[in-house]
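Novice: how does the following fold in three dimensions:
(chains A and B)
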Amino acid sequence: MKLNRRNFIGSAAAVSATLSAPMVMGGSHGRPRVVVIGGGAGGATAARYLAKDGKGMIDVTLVEPTRTYYTCFFSNLYIGGFREFSSIGHTYGKLAADYGINVIHDWAIGVDRDAKTVTLAGGGTLPYDRLVLSPGIDFKEGAVPGWDVTAQQKMPHAYKAGSQTQLLKSQLEAMPQGGTFCMVAPPNPFRCPPGPYERVSMVAHHLKANNPTAKILIVDPKPKFSKQALFQEGWSNHYDGMIEWIGPDFGGDKVEVRPDMMEVVIDGEVTKVDVCNVIPAMKAGKIAEIAGVTNEAGWAPVHAATMASKVDQNIHVLGDASHQGDMPKSGFAANSQAKVAAMAIRGALTGSKVFPAKFTNTCWSLIETNDGIKVGASYEATDEKIAKTDGFISKTGEDAALRKVTFEESVGWYDGITSDMFG
Amino acid sequence: MIELRHVLLSVIVACFAQSAAANHADADAKRGERVFKKCRSCHKVGEGATNRVGPQLNLLFQRVAGSIEGFKYSESMLRAGADGLVWDHNTLDTYLENPKSLISKTRMNFRGLKDAGDRANVMAYLRQFSDNPANIPEASPTTVGTDHEVDPAILALQGDPEYGEYLSSECVSCHQIDGADSGIPSITNWPAEDFVIAMHAYKDKKRVHPVMQMMAGRLSAEEIAGLAAYFEKVGQ
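Specialist: As a prediction, this is how the structure comes out:
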């Protein structure tokens, strides 16, 4: 064997490997292999940190069906006309070229936990030492009577960003003067707790300028919602009389939709609507269920310190799909969890140092031009769950200058997190 | 392209020239020194002043923008300098009113001085350190980290940059690692001491930002020192 740099690094790694205790070097196949399913805030971040901090010692494969990923966060700002659609689209070129990640654009359709392989729709099979599942959400069947995914062209959910978001925006723009926009809001827990209410704000912003006699109806099964006081204050300041929120006290939990008729039935009463945004109850993305790591509620329970599945120590579940404790289901949270998981996986596979897990989340929302609000918290891992340690929320009655700074901050955050995800 | 920028820059500056000149005559350096409190957590001026988060401001007038050696400027500032931007009363007045209107991606995270009198006064103050360098007043250089006092024992801690790199993964969800600032301040390549002082100011709730109070609140002095050591050198 000729001694060259690659051999030298390889043997040096092998020596240190034998010295460090918890080692899962995959015997015959050389570098340990991590397969990441899902290229969003959780998956893209995990893949990038594994590759970056693994410094070539880990073989990282990222499986994501779309070539251009549209972030769910800030997709409401596109609906409101504050962002171009292209500005929320991202590609995986840097992760492949700069970080050496094997990016595969395909659907993962099977997980064999005994053989430790992932099956792809295109026919391929990927072996793994560790599997990271970050598939986001899917919708529970039958959650809103009358609605299923075949109705999503007539009544879009627009809760996975992309063509659905564009469809909802075009329907909004085509609304007749004085028409009704209805949102069927989801029950807890769901992706992006302030998301539906920011969306209503963005819809109202559009209507105020283009269709001022239109109405917005929110049919909500929940008695209260995220940043409620802040949103309701903003709605009354900016869109007085336009938005009606129907909570469970008034039948918000008893809703049926008729997509062919464009009707919404609330507690037996039929209402004709012009646009209907149905956001059904959610569960973990389907591959988590296929892998057999979800619970009865449809989410994947994980250990807080490592984000490892409570069912299978070789599978880590991130972001919306995970059932982890106190963190909301948000892109920020998924990004935060991904770094903790990447560190734990790297530690297990290469013997690198593992520091105590720390998590953070902040969710910004835009109510109207330059009227931004935020809520956030810090968290730590306990034996039981990810537990909240501290938090803050914007106050009602804040001055306009502060709200403007808060909005500007959210724009900065968007650039920060997307470069943290995609390099 | 370069010429177009030139023209734009001159037009912008020309628009503000008149008001600046008008205020200049009544400017008050003493008042300017008080206005400068807003600047001095990042900028030093006076004898022995060195670069901190921002470049030192001695001999600022007639200085070409982005020209202090050893200071890491934004690309935008370097480009403006290359295009011929020189700091004088007019250009500074424009910049100080709204930094990003003149240098779109400046790393200076400052919202600007809206009051023309404040701008004129602070320029009068800075002028003392520029026009007659041989005759710099005896005023001592503005001291370090001026918005918050930190225990010298904390300042003396030697941070571990590797630990800082691990901890930094929490920072870079918002603060861009390449130093770009698009609504959230750049935190790269600050002098470690300034970084430590700023973080302790948040930790002690002397600076008001709720996210930063929360983030700094759960970091130990060693962890803050580690972050400061890491961010001081990152990308260099």
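
Novice: pretty sure B:Ile197 is touching B:Asp151, no?
Specialist: No: in this structure B:Ile197 lies outside contact range of B:Asp151 using CB atoms under 8 Å: 10.7 Å. Where C-beta positions appear, they are placed from N, C-alpha and C, glycine not excepted.

Novice: looking at these two, which one has more neighbours?
Specialist: In terms of neighbours (other CB atoms under 10 Å in any protein chain shown), B:Ile197 is the more surrounded of B:Ile197 and B:Asp151; the figures are 23 against 10.

Novice: and the helix or strand containing that one, what does it pack onto?
Specialist: Here B:Ile197, judged by DSSP states H and E, is contained in helix B:192-203. Contacts defined by 3 or more CB pairs under 8 Å, 6 or more residues apart in numbering or on different chains; DSSP states H and E place helix B:192-203 against helix B:152-155, helix B:210-217, helix B:221-233.

Novice: closest one to chain A among these?
Specialist: In terms of CB to the nearest CB, the element of the helices and strands packed on helix B:192-203 nearest to chain A is helix B:210-217, at 3.8 Å.

Novice: in the closest one, what counts as buried?
Specialist: Using 16 or more other CB atoms under 10 Å in any protein chain shown as the test for burial, helix B:210-217 gives B:Pro210, B:Val211, B:Met212, B:Gln213, B:Met214, B:Met215, B:Ala216.

Novice: from what I can see B:Thr106 touches B:Leu78, true?
Specialist: No: between B:Thr106 and B:Leu78 there is no contact under CB under 8 Å: 10.6 Å.

Novice: per-residue pLDDT of the residue in the stretch 201-350 of chain A that chain B sits nearest to, please?
Specialist: Closest approach between the stretch 201-350 of chain A and chain B, counting by CB to the nearest CB: A:Lys339, at 4.4 Å. Note for A:Lys339: predicted pLDDT of 97.

Novice: give me the spatial nearest neighbour of A:Asp249, chain neighbours excluded.
Specialist: A:Pro223 (7.3 Å; CB to CB, 6 or more residues apart in numbering or on different chains).

Novice: report pLDDT for that neighbour.
Specialist: Looking at A:Pro223, its pLDDT reads 97.

Novice: next: B:Gly46.
Specialist: According to the prediction, B:Gly46 has pLDDT 88.

Novice: circling back: the more surrounded of B:Thr106 and B:Leu78?
Specialist: Taking neighbours as other CB under 10 Å, B:Thr106 and B:Leu78 compare with B:Thr106 leading, 22 against 15.

Novice: low-confidence stretches in chain B?
Specialist: B:1-26, B:131-147 (pLDDT under 70).

Novice: that one against chain A: which residues are in contact?
Specialist: Counting by CB under 8 Å from any CB of the partner chain, chain B comes close to chain A at B:111, B:163, B:166-167, B:169-170, B:172-178, B:180-184, B:210-211, B:213-215, B:217-218.

Novice: show me what contacts the most centrally placed residue in chain B?
Specialist: Of all residues in chain B, the one closest to the mean position by CA atoms, centre = their mean is B:Gly54, 3.6 Å from it. When the contact criterion is CB atoms under 8 Å, 6 or more residues apart in numbering or on different chains, the partners of B:Gly54 are B:Cys39, B:Cys42, B:His43, B:Met108.

Novice: roughly how far apart are it and B:Ser186?
Specialist: Per CB to CB, to the nearest Å, B:Gly54 is found 11 Å from B:Ser186.

Novice: now A:Thr213
Specialist: 46 Å.

Novice: which one's more surrounded, the two?
Specialist: The residue with more neighbours, out of A:Thr213 and B:Ser186, is B:Ser186; 24 against 9, by other CB under 10 Å.

Novice: I figured the more buried one hits B:Gly179, correct?
Specialist: Yes: applying CB under 8 Å as the test, B:Ser186 and B:Gly179 come out as touching, 4.6 Å apart.

Novice: who touches both of the two?
Specialist: Overlap of the contact sets of B:Ser186 and B:Gly179 (by CB under 8 Å, 6+ apart) consists of B:Ser74, B:Arg107.

Novice: helix or strand for A:Glu408, which one?
Specialist: Per DSSP H and E: helix A:400-422 holds A:Glu408.

Novice: now for that helix, which elements pack on it?
Specialist: Using 3+ CB pairs under 8 Å, 6+ apart: helix A:400-422 touches helix A:43-54, strand A:89-90, helix A:331-350, strand A:358-368, strand A:371-381.

Novice: residues in contact with the next helix-or-strand element following the shortest one?
Specialist: What it means is strand A:89-90. Per DSSP H and E, the first helix or strand lying C-terminal to strand A:89-90 is helix A:93-97. Helix A:93-97 has contacts (CB under 8 Å, 6+ apart) with A:Ala44, A:Ala47, A:Arg48, A:Ala51, A:Leu62, A:Ile101, A:Asn102, A:Val103, A:Phe422, A:Gly423.

Novice: residue contacts, the last one?
Specialist: In other words, A:Gly423. By CB under 8 Å, 6+ apart, A:Gly423 lies in contact with A:Arg48, A:Lys94, A:Leu95, A:Asp98, A:Tyr99.

Novice: again, but for the first one
Specialist: Under the criterion of CB under 8 Å, 6+ apart, the contact partners of A:Ala44 comprise A:Leu62, A:Glu64, A:Tyr69, A:Tyr92, A:Leu95, A:Met421, A:Phe422.

Novice: for the residues you listed, which one is nearest chain B?
Specialist: Closest to chain B, out of all of the contacts of A:Ala44 and judged by CB to the nearest CB, is A:Met421, at 9.5 Å.

Novice: that closest one - nearest residue in space that isn't next to it in sequence?
Specialist: Among residues not flanking A:Met421 along the chain, A:Ala44 sits closest, at 4.2 Å (CB to CB, 6+ apart).

Novice: the residue of chain B at minimum distance from chain A: what's it in contact with?
Specialist: In chain B, the residue that lies nearest chain A is B:Gly183 (2.8 Å; CB to the nearest CB). For B:Gly183, the contacting residues are A:Glu408, A:Glu409, A:Ser410, A:Val411, A:Gly412, A:Trp413, A:Asp415, by CB under 8 Å, 6+ apart.

Novice: can you give me every residue that contacts the closest residue in space to B:Gly217 that isn't next to it in sequence?
Specialist: Nearest residue to B:Gly217, sequence neighbours excluded (CB to CB, 6+ apart): B:Lys203, at 5.6 Å. The contact partners of B:Lys203, taken as CB under 8 Å, 6+ apart, are B:Gln213, B:Ala216, B:Gly217, B:Leu219, B:Ile224.

Novice: hmm, try it at 7 Å
Specialist: By CB atoms under 7 Å, 6 or more residues apart in numbering or on different chains, the contact list for B:Lys203 reads B:Ala216, B:Gly217, B:Leu219.

Novice: for chain A, where's the lowest mean pLDDT among helices and strands?
Specialist: helix A:5-19 (a mean of 40; mean pLDDT, DSSP states H and E).

Novice: which helix or strand lies directly C-terminal to that helix?
Specialist: Beyond helix A:5-19 toward the C-terminal end (DSSP H and E), the next one is strand A:33-37.

Novice: that following strand pairs with which strands?
Specialist: Strand pairing for strand A:33-37, using DSSP bridges, gives strand A:59-63 (parallel), strand A:130-133 (parallel).

Novice: hmm, back to that, closest to A:Thr125 among the contacts of B:Lys203?
Specialist: Checking the contacts of B:Lys203 against A:Thr125 by CB to CB gives B:Leu219 as the nearest, at 44.3 Å.

Novice: can you pull the poorly scored residue ranges out of the stretch 101-250 of chain A?
Specialist: For the stretch 101-250 of chain A (pLDDT under 70), the answer is none.
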